[in-house]
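A.B. asks: coordinates only, sequence not included:
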């Protein structure tokens, strides 16, 4: 009788350990998905800033910002309300249907800052030859882009404190300075 109770207790302990390990694995994969989603949203925010620069005709024609987090002579800041395309980031919400970047009901706020402009751009830019038969009249410059983004699930900002994820990203990129 003692051996039977001992075996049943041991099998119960093994079952509880397996259930706990499966739960931890599911939680970890959920966090990984949320971090990946936030990473891609941050990249998308940087691409939206570059698209806005090109839509405005280049960085030289855009007003500088006074709200940058770094002290520098030249700084341009982009918030979601200046992107003009940020509202359609994910697929339209459908009940229990995932979006292209994860669940469709995701809220986010981003800020992209551009500093350290070097004009002309460092190196040669393919397709931007200003001489010869097919000359392109565009000047590129090399800049540093810094983006910070916070994303959270749901429709309210209350979930931000408990379930939000953050991403910071910096890249050196070539952007259009003037046409």
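C.D. replies: Thanks, I have the structure now. Bear in mind that the values here come from a model prediction, so they are computed numbers and not experimental data. Numbers count the residues shown, from 1 in each chain.
A.B. asks: relative to residue 58, how far out is the residue nearest to the spatial centre of the chain?
C.D. replies: Centroid check for the chain by Cα atoms, centre = their mean gives residue 42 as the closest residue, at 1.1 Å. Distance, residue 42 to residue 58, by Cβ to Cβ, to the nearest Å: 24 Å. In short, each C-beta sits where N, CA and C put it, glycine included.
A.B. asks: tell me the contacts of the residue nearest to the centre of the chain?
C.D. replies: The neighbourhood of residue 42, defined by Cβ atoms under 8 Å, 6 or more residues apart in numbering, consists of 110, 147, 148, 149, 167, 168, 169.
A.B. asks: whichever of those end up buried, select them in PyMOL.
C.D. replies: With 16 or more other Cβ atoms under 10 Å as the criterion, this PyMOL line picks the buried residues out of those:
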select buried, resi 110+147+148+149+167
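A.B. asks: let me know the closest of the contacts of residue 42 to residue 34.
C.D. replies: residue 167 (10.3 Å; Cβ to Cβ).
A.B. asks: these two touch, right, the closest one and residue 148?
C.D. replies: Yes - counting by Cβ atoms under 8 Å, residue 167 does reach residue 148; the two are 7.5 Å apart.
A.B. asks: flag whichever of the contacts of residue 42 scores worst on pLDDT.
C.D. replies: Lowest pLDDT among the contacts of residue 42: residue 167, with 82.
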